[in-house]
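*Asks:* Give me coordinates for this.
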Amino acid sequence: MRITINSARKDFCSGKTCDPSQWNAKANRMSGSRQEVKSFNNYLFTIEKQIDQIHSDLITEEKETTAQTIMNRYLGLDEEKPRTLIEVFQDHNDKVEALIGIDYRKPTLTKYNTTLKHLKNFLLYKFKVTDLEVSRVDNHFITEFSFYLRVKGGCANNSAVKHLKNLGKVMRICVANKWIRLDPFAGHKNKVTKVERAILTERELHTLADKVFPIARLQVVKDVFVFCCYVGLSFIDVQQLTSTEISISSDGMAWIKKLKHKTLVASHIPLLPVALEIIERYKDHPVCKNSGMVLPVASNQKMNAYLKEVADLCEIKKYLTFHISRHTFATTVTLGNGIPIESVSKMLGHTDIRTTQIYAKILDHKVGADMAGLNQKFGCSNLKSLKLNPKEARIIKLFE
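*Replies:* Take a look at the predicted model:
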């Protein structure tokens, strides 16, 4: 048999033989009317149909179509082991782990590993299997996984959405590699619940800054937290802040200039007097002198635990965590004092201003201050010049 495509050809044996005198070279068939001749020719006809079908399948699958690929598929040489969900997801996570410090950070790997753990538990719970072919992941699978995350996985809505997005990334890898034809997430929409983010008011921030604790560990935690409120660094960034990342500009202003741990984006933050005072306070601290760090920061778990004590002693009725300091910087310290959101975004190290808008809760007193001028422009003197009906006049009278 010979397969020819674009002048390239491949020859291989059909597996049948006959006497040369009985072969019809023009018809490419065996001559005769006996039953064994009919069976012989039917066999050759079947092979031709198989080759035609393989050619059509390769085109439909958008795979390379050559004489070699057709012959390989006919001979069963290109058969791949079906890809499975856990196998593909684990391979993805292994690649992320290998790129930690280059393209990814360790917390990113932790998130993907958590999603993988939920997937394994879901497969055991729903299908009683440890793995599943990726071709079986469809819209129904996604809906059931979403339900499982919320009911059995103990995830809140936004956490469930993040796990679904992680799964979606892996499924897009499968589509790109042509392990599946269609993205099972096509048409699926994740609805994120808007979360009211806690911040400190100006009064609460001043209460914290002015408070002095006789217990050293609480004083350190309070100072580090207040420092973050005035510079907007995340916990990991303040923990890794070194003295070499603080510089003095030509105009004499002190700046923090460092790459964000999470995104590796440069963040330039001018230091306010409160922040400078805290840095000066700890420059001779043993931990800082030995490590070169600006502040003596313990683990995130310990610092957040001590923050609860700090909040209680300062009579602040909010659940304090170090991330609240970042929100406070974006709102109370900067936006609330008229700093443009573009500048705030630069200091926070965001690459997209929409990310800053998540932090940027405009305070009521700022709205009131912004509207004060407009209120004067459209004040009562202007209203009195309008022709009002009795009902409108009564309403205006209430506000005079």
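*Asks:* ranges for the strands of the stretch 1-150 of the chain?
*Replies:* With strands called from DSSP state E, counting those that start in this stretch, the stretch 1-150 of the chain shows them at 2-5, 8-11, 23-24, 29-30.
*Asks:* For those strands, give me JSON lines that also has mean pLDDT and mean neighbour count.
*Replies:* For glycine as for every other residue, the C-beta is placed from the backbone atoms N, C-alpha and C. JSON lines is the format used below for the strands of the stretch 1-150 of the chain (pLDDT from 0 to 100; neighbours: other CB atoms under 10 Å):
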{"stretch": "strand 2-5", "mean pLDDT": "90", "mean neighbour count": "13"}
{"stretch": "strand 8-11", "mean pLDDT": "89", "mean neighbour count": "12"}
{"stretch": "strand 23-24", "mean pLDDT": "90", "mean neighbour count": "12"}
{"stretch": "strand 29-30", "mean pLDDT": "90", "mean neighbour count": "18"}
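*Asks:* between the ones you listed, which gets nearest to residue 122?
*Replies:* Set against residue 122 and scored by CB to CB, the strands of the stretch 1-150 of the chain come closest in strand 2-5, at 44.9 Å.
*Asks:* The closest one pairs with which strands, and in what direction?
*Replies:* Sheet pairing for strand 2-5, assigned by DSSP bridges, gives strand 8-11 (antiparallel).
*Asks:* which other residues reach the strand it pairs with?
*Replies:* Residues external to strand 8-11 that are found in contact with it (CB atoms under 8 Å, 6 or more residues apart in numbering): 1-3, 66-68, 70-71.
*Asks:* May I see the strands of the stretch 1-150 of the chain organised as TSV, with distance to residue 51 added?
*Replies:* Conversion of the strands of the stretch 1-150 of the chain to TSV gives the following (distance: least, CB to CB, whole Å):
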stretch	distance to residue 51
strand 2-5	6
strand 8-11	11
strand 23-24	20
strand 29-30	16
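*Asks:* do you know which of these lies nearest residue 331?
*Replies:* Per CB to CB, nearest to residue 331 of the strands of the stretch 1-150 of the chain: strand 2-5, 65.8 Å.
*Asks:* domain parsing for the protein?
*Replies:* What automatic domain parsing lists as the domains of the chain is 2-74, 85-176, 202-362, 368-399.
*Asks:* Now tabulate those domains in a markdown table and tack on distance to residue 194.
*Replies:* Shown next, in a markdown table, are those (distance: least, CB to CB, whole Å):
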| stretch | distance to residue 194 |
| --- | --- |
| domain 2-74 | 41 |
| domain 85-176 | 9 |
| domain 202-362 | 9 |
| domain 368-399 | 23 |
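*Asks:* so which of those domains gets nearest residue 196?
*Replies:* Going by CB to CB, the one of these nearest residue 196 is domain 202-362, 8.5 Å.
*Asks:* buried sites along the top helix by length along the chain?
*Replies:* Using DSSP state H, we find that the single longest helix of the chain is helix 35-60. Neighbour-count burial for helix 35-60, counted by 16 or more other CB atoms under 10 Å, picks out 40-41, 51, 54-55, 58.
*Asks:* Determine which two of those are furthest apart.
*Replies:* Pairwise across these, and taking CB to CB, the largest span is found between 40 and 58, at 28.1 Å.
*Asks:* The closest residue to residue 249 other than its chain neighbours and residue 170, how far apart?
*Replies:* Distances taken as CB to CB, 6 or more residues apart in numbering place residue 255 nearest to residue 249, at 5.9 Å, with adjacent residues excluded. The gap separating residue 255 from residue 170 is 41 Å, by CB to CB, to the nearest Å.
*Asks:* Looking at these two now, which is surrounded by more residues?
*Replies:* residue 170 (21 against 14; other CB atoms under 10 Å).
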